[in-house]
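1. Sequence first, predicted model second:
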Amino acid sequence: QVQLVASGGGWVQPGDSLRPACSAPGLGSGYYAVGWFPQAPGKEHLGVSCINSSSRLTYYTDSVTGRFTISRDAAKNTVFLQMNNLKPEDTAVYYCAVVPCDGEAMGDSRNWGQGTQVTVSS
């Protein structure tokens, strides 16, 4: 199973933006749907957004709708999560994974690669 590597996190203040990236060979092939799963301290991974294999459909949970945008750069085999207007409750290690995604829901994963820390604090 494809194991993805997340990068591009950091420490920002509330209201700031970040754009973490998720990379792996083949992510630009049009074969894999990808989701983002932040894991806050002491909590389970929580799916917040996904993009389907053709990149025509995206899904967002209510907590990030209007603030986060998922996209794919096929040439770079990379999926991005543009995060705007960040809030302290967005603080988590952000993981990405290959999961089902149909634009109305996203699947779950048990296969976690390298995550990236996002800290939102003043």
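-> In hand now; what should we look at? The structure displayed is predicted, hence computed values, not measured ones.
2. Give me the buried stretch members for stretch 104-122, please.
-> Using 16 or more other C-beta atoms under 10 Å as the test for burial, stretch 104-122 gives 106, 109, 112, 113, 115, 116, 118, 119, 120. The C-beta positions use only the backbone N, C-alpha and C, and glycine is treated the same way.
3. same deal with stretch 54-74?
-> Across stretch 54-74, burial judged by 16+ other C-beta under 10 Å covers 55, 58, 59, 60, 64, 68, 69, 70, 72.
4. Now for these: which two are most distant?
-> The largest distance within these, taken as C-beta to C-beta, falls between 55 and 64 and amounts to 18.3 Å.
5. contacting residues for residue 23?
-> 4, 5, 7, 76, 77, 78, 79 (C-beta atoms under 8 Å, 6 or more residues apart in numbering).
6. Report the separation between the residue nearest to the second one when sequence neighbours are not counted and residue 7.
-> Distance criterion C-beta to C-beta, 6 or more residues apart in numbering; nearest residue to residue 5, sequence neighbours excluded, is residue 114 at 4.7 Å. Distance, residue 114 to residue 7, by C-beta to C-beta, to the nearest Å: 8 Å.
7. With residue 24 instead?
-> 12 Å.
8. Residue 87 too?
-> Distance, residue 87 to residue 7, by C-beta to C-beta: 22 Å.
9. hang on, the earlier thing: so which of the buried residues of stretch 54-74 are in strands?
-> Taking DSSP state E as the definition of strands, the buried residues of stretch 54-74 contribute 58, 59, 60, 68, 69, 70, 72.
10. now the strands for this structure?
-> Counting by DSSP E, one finds strands in the chain at the ranges 5-7, 10-12, 21-23, 34-39, 49-51, 58-60, 68-73, 78-83, 92-98, 116-120.
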